[in-house]
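[1] The following block contains a protein sequence and its predicted model.
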Amino acid sequence: MSEQSVIPIDQILPNKLPLVALMGRPIFPGIFTPIMIGNPVDVKVVDDAVAGDGLIGLVMLQNEAESPAITDLHKVGTAAKIIKKINLPDGGVNIFISTLKRFRIRKTLNPANPIVAAVTYLEEEEDNTSEVKALTRALISEMKQISENNPLFSEEMRLNMINIDHPGKIADFITSILNIDKLEQQKILEILNVRKRMEQVLVFIKKEQELLRIQKKIQKEINEKIEKSQRDYFLKEELKAIKTELGMTADAKSSEYQRFKEKFDAFKFDGEIKETVDQELEKFNLMDPNSAEFTVTRNYLDMIASLPWNDPDSENFDLKRAHSILEGDHYGLKDVKSRIVEYLAVRKLRGLPSSRDTAGAGTHEGSIICLVGPPGVGKTSVGKSIARALGKQFFRFSVGGMRDEAEIKGHRRTYIGAMPGKIIQGLKIVKTKAPVFMIDEIDKMGASFQGDPASALLEVLDPEQNVSFRDHYLDLPFDISHIFFIVTANTLDTIPVPLLDRMEIIQLPGYIDTEKLEIAQRYLIPKSLEKNGLRKSQVRYSRDSLLHIANGYAREAGVRNFEKNLDKIHRKLAKQIVEQNEEQETKAAQTNRPAQSGGAAGESLASASPAVKTPEEAKATAQALQKFTIDAKTIEKHLGKPLFPADMLKRADRPGMSVGLAWTSMGGDTLVIEAISVPGKEGLTLTGKMGDIMKESATIAMTYARKLGAERYGMDAAWFEKNHIHLHIPEGATPKDGPSAGITMATALLSLMRNKIITDRMVMTGELSLTGQVLPIGGLKEKTVAAQRNKARHIIIPRQNLRDLDEIPDHVKRGIEFHLVDRFEEVLKLALPD
């Protein structure tokens, strides 16, 4: 096109243009390009333009809007001629345009739908100096470098760039194809001075070249890494082939695969287990060692290979040896030991070949026992002794506070960090299929949104189900019926009934003071002396001193606090010995100094004086001379005043008081009931943090005591109307509940009404009904131990608990007279005789 044909273009361009808003980049003059238009308003503008002169104005939006107005547009745009229009199925149009000239919006004729404006066409400020020519050459030269290194630039683009003869159009064309921000392109569209426009475009070209340089550098580094990794791979494959030819050890992955395969072949899997293991092993063999899943699969196969899949050998233990181990490890607990030995005898009998044929091929049903008792009575140590007696591996874990069932049944292998449950982990550690497992604190499990571990234990402890226990992580059936499960708890109240139904319950009551004395002499004192670096010959306890510790400092059911007090005494003795040794060493060193530095005079002095001991000899002599006899005075020196003085025994020493027996998770305890009357409105006040059941028992006791007071003792009803009765149980911070204090509260109330003290050293336990019947209670063994510790001589119990007396050892009952009653009137004859 000649220059003459370009000049009059403003004469044929109208001063009024319909405008189309551009969502993307601005379009520069002097190019042919397609545009997609989807806005219905803009489509109508195009249709009207095609029907008329075919001219529209293209202006870029300042702000994106669904229905743009003229205020949303930039002020400078480009006039364009529609060459061709293609209708699209979605209602939009695709148009091919030839852009003609820049314009500036001069006046708004219609602000929206459609936008029509009066425009002024802008002329370029041309400069034909040599500087513009140099800029033109520089632009073309720099763009050639970019286009040669960028496959996105087509050959047609390169030709168009060379064939454009106008400097301003060259700048416009290059700007339209450069990958720069649309706002920067709009600024270039608005620059009318050709030289300034070219300088700005040259800056953008330099930036693009720098980006290309960085891109090439990154690409080169990536290619080098890929080439290195490919080279390493081929070299490793060659090395593997060479090693195979020479009979050398293969790579780590191959050796792991071979190790797994040998182990799995030795286990002789079949069915589901064989199929799953073979699939995982084949997958492992095909995996890249650098992949994340490789480690997951390897850990899974390693777990399978580490488990004891083969059946265990038949049990062969000696009952006499088992009994001697239990006797050697524990004092007392005759009932517990007897039941455990009986249990082992049944287990041994069912393991005999003749029994296997008739009893279900050596079934292990009933191999779960539950040891229940207060803290410190030796539940865990009994479990260890059972393992020793059986000659089995021992594994212990605690479920106290556990709230996630995955701790028992494992995590599913759907995420990183998954691991099997405690059962499978324990089997991996002990490496045998028939160990002794101790599950501690089963009464303290919780439940949360993560599941209920108590329910998960149902499958573990059920002999009918655990022959094919399926851990979530392993996801294979595993026979855990050979495991000897021992469960411990402080109380049975919080254990779910279905779980309790699967276990053999063995109660471990607390110890009385004489039992604690024997336990201390046989086990605790030697253990504590060794722990604190003392010899048995250095420390001697009298019988009275040990009883003083048991009654004054460690009156709880177990012996844990007893051992702590012994440790405290021995630590103080150790400190005393060390201080004396250091003093002896200092004196020995001072005595030796003149003899070593006196020359001939020193030698004559040494020969004339007795032999001087070395520091080592002095220390040995001091240790030989340091022997301690522990009496009550020494105990109080090291432990302070007794926590439970002798005068703190719970006694009913005034009217309105009685002593009852209570059962807690810490063992049995004595309970003092206090009642007083004050002038005032009729009523009953209860304090001492009683539970609802105990409050109901107090109400029943008050009603029946009032009835007996009127009928049997002729008390005036006016006395109750004029007096308010307050019943209190000391140790108010400790929660108390249960019905077994019914007769104790009624006795205290009648003692108050009759102004009479109950029989000395008498304690009682029993539920009281509204008709005066004394109903049975639980925990009699623990309560009897508590009564023995409290120096009681008489215990009133319900007659229906007669069968429980046989379970209490004779040495616990020694010195106590048991009174069996059916009705409360019998209690009164004993506690408040006429």
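    Great, that's in hand.
[2] Does Ile795 belong to a helix, a strand or coil?
    strand (DSSP: H, G, I helix; E, B strand; the rest coil).
[3] what sits against it?
    661, 762-765, 783-784, 787, 816-819 (Cβ atoms under 8 Å, 6 or more residues apart in numbering). Any C-beta I mention is one placed from the backbone N, CA and C, and that applies to glycine too.
[4] what about Leu671, how many residues close to it?
    24 (other Cβ atoms under 10 Å).
[5] Assumed it was part of a strand.
    Yes. According to three-state DSSP, the state of Leu671 is that of a strand.
[6] Check the gap between it and Thr687 for me.
    Between Leu671 and Thr687 the distance is 14 Å, computed by Cβ to Cβ, to the nearest Å.
[7] who touches both of the two?
    Ile729.
[8] which secondary structure elements does the longest strand along the chain contact?
    Secondary structure of the chain per DSSP state E: the longest strand is strand 93-110. With contacts taken as 3 or more Cβ pairs under 8 Å, 6 or more residues apart in numbering; DSSP states H and E, strand 93-110 sits against helix 9-12, strand 16-22, strand 32-37, helix 40-51, strand 55-60, strand 76-87, strand 115-121.
[9] can you count the residues close to the nearest residue to Gly378 once chain neighbours are set aside?
    Excluding the flanking residues, the one nearest Gly378 by Cβ to Cβ, 6 or more residues apart in numbering is His330, at 5.9 Å. Counted with other Cβ under 10 Å, the neighbours of His330 add up to 20.
[10] pretty sure His330 contacts Ile340?
    No. Shown here, His330 and Ile340 do not form a contact pair, counting by Cβ atoms under 8 Å, at 10.2 Å.
[11] what sits in contact with each of these two?
    Val382.
[12] you'd agree Phe173 is in a helix?
    Yes. The assignment for Phe173 is a helix, going by three-state DSSP.
[13] what about it, distance to Glu636?
    For Phe173 relative to Glu636 (Cβ to Cβ), the value is 106 Å.
[14] and what of Leu547?
    In terms of Cβ to Cβ, Leu547 sits 14 Å off from Glu636.
[15] Need the mean per-residue confidence for the longest helix along the chain.
    Ordering each helix of the chain by length in residues (DSSP state H) puts helix 194-246 first. Regarding helix 194-246, the rounded mean pLDDT is 81.
[16] Could you do stretch 142-162 as well?
    Rounded mean pLDDT across stretch 142-162 is 60.
[17] And for stretch 166-177?
    81.
[18] Please apply the same query to stretch 116-126.
    87.
[19] Equivalent analysis for stretch 89-99, please.
    89.
[20] Could you pull out the buried residues of it?
    Applying a neighbour-count criterion of 16 or more other Cβ atoms under 10 Å, one finds 92-93, 95, 97, 99 buried in stretch 89-99.
[21] Show the contacting residues for Lys531.
    Here Lys531 is in contact with 567, 570 (Cβ under 8 Å, 6+ apart).
[22] what does the one 5 residues further on give?
    If a contact means Cβ under 8 Å, 6+ apart, then Lys536 has 526, 529 as its contacts.
[23] now it: how far from Leu832?
    Distance from Lys536 to Leu832, by Cβ to Cβ: 53 Å.
[24] quick one: His166 from Leu546, how far?
    His166 is 115 Å from Leu546, by Cβ to Cβ.
[25] Give me the more crowded residue out of the two.
    Using other Cβ under 10 Å, the more surrounded residue of His166 and Leu546 is Leu546, with 24 against 16.
[26] Does Leu775 touch Ile797 like I think?
    No. Counting by Cβ under 8 Å, Leu775 sits too far from Ile797 to count as a contact (11.1 Å).
[27] joint contacts of these two?
    By Cβ under 8 Å, 6+ apart, the residues touching both Leu775 and Ile797 are Gly766.
[28] Compare those two and say which is more crowded by neighbours.
    Per other Cβ under 10 Å, whichever of Leu775 and Ile797 has more neighbours is Ile797, with 26 against 16.
[29] in stretch 522-530, what's buried?
    523-525, 528-529.
[30] Okay, and the beta partners of Ile369?
    Ile486, Glu504 (DSSP bridges).
[31] where's it relative to Lys384, distance?
    From Ile369 to Lys384 the distance is 14 Å (Cβ to Cβ).
[32] What of Lys707?
    55 Å.
[33] pLDDT weak spots in the protein?
    Applying pLDDT under 70 to the chain flags the ranges 1-11, 128, 145-165, 247-252, 314-316, 351-367, 448-451, 592-625, 645-649, 665-666.
[34] With respect to Gly691, which of the buried residues of stretch 89-99 is nearest?
    Gly92 (78.7 Å; Cβ to Cβ).
[35] The closest residue to the closest one other than its chain neighbours: what's it in contact with?
    The shortest distance from Gly92 to any non-neighbouring residue, by Cβ to Cβ, 6+ apart, is to Gly38 (3.9 Å). Taking Cβ under 8 Å, 6+ apart, we find Gly38 in contact with 90-92.
[36] if we can go back for a sec, I'd like the helices and strands packed on strand 93-110 as TSV, with distance to Thr703 appended.
    Listed next are these as TSV, based on distance: least, Cβ to Cβ, whole Å:
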stretch	distance to Thr703
helix 9-12	116
strand 16-22	93
strand 32-37	94
helix 40-51	90
strand 55-60	95
strand 76-87	99
strand 115-121	96
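[37] quick one: which of those is nearest Gly410?
    strand 32-37 (57.3 Å).
[38] Partner strands of the closest one, with direction?
    For strand 32-37, using DSSP bridges, the partner strands are strand 93-110 (antiparallel).
[39] Downstream of the helix or strand that contains Lys274, the next helix or strand is which one?
    Element membership for Lys274, per DSSP states H and E: helix 271-286. Proceeding N to C from helix 271-286, the next assigned helix or strand is helix 292-306, under DSSP H and E.
[40] Might one say that Arg560 is in contact with Lys379?
    No. If you go by Cβ under 8 Å, Arg560 and Lys379 don't touch, sitting 11.5 Å apart.
[41] So those two - more neighbours on which side?
    Lys379 (25 against 15).
[42] can I assume Gly660 sits in a strand?
    Yes. Using three-state DSSP, the assignment for Gly660 is a strand.
[43] Any chance of the backbone angles for the spatially closest residue to it that is not a sequence neighbour?
    Once flanking residues are discounted, Gly660 sits nearest to Thr744: 3.3 Å by Cβ to Cβ, 6+ apart. Note on Thr744: its backbone torsions stand at phi -70, psi -40 [degrees, to the nearest 10].
[44] ditto for the one 3 residues further on
    With angles defined as degrees, to the nearest 10, Thr747 shows backbone torsions of phi -70, psi -40.
[45] Around it, how many other residues sit close by?
    Around Thr747 there are 30 residues (other Cβ under 10 Å).
[46] check contacts around it.
    Neighbours of Thr747 in contact, by Cβ under 8 Å, 6+ apart: 658, 673, 758, 764, 827-828, 831-832.
[47] how close does it get to Gly688?
    Thr747 sits 16 Å away from Gly688, taking Cβ to Cβ as the criterion.
[48] where exactly do the strands run in the stretch 401-550 of the chain?
    In the stretch 401-550 of the chain, the segments counted as strands under DSSP state E, counting those that start in this stretch are 436-440, 469-470, 477-478, 484-489, 504-507, 539-541.
[49] thinking again about what came up before, neighbour count winner among Lys707 and Lys384?
    Using other Cβ under 10 Å, the more surrounded residue of Lys707 and Lys384 is Lys384, with 17 against 13.
[50] I'd assumed Ile429 was in contact with Pro308.
    No. Counting by Cβ under 8 Å, Pro308 stays clear of Ile429, with 10.6 Å between them.
[51] Report the secondary structure state of the nearest residue to Lys564 once chain neighbours are set aside.
    Nearest residue to Lys564, sequence neighbours excluded (Cβ to Cβ, 6+ apart): Ala554, at 7.9 Å. Classification of Ala554 using three-state DSSP returns coil.
[52] isn't Ala554 right next to Asn565, touching?
    Yes. Assessed by Cβ under 8 Å, Ala554 is found in contact with Asn565 at 5.9 Å.
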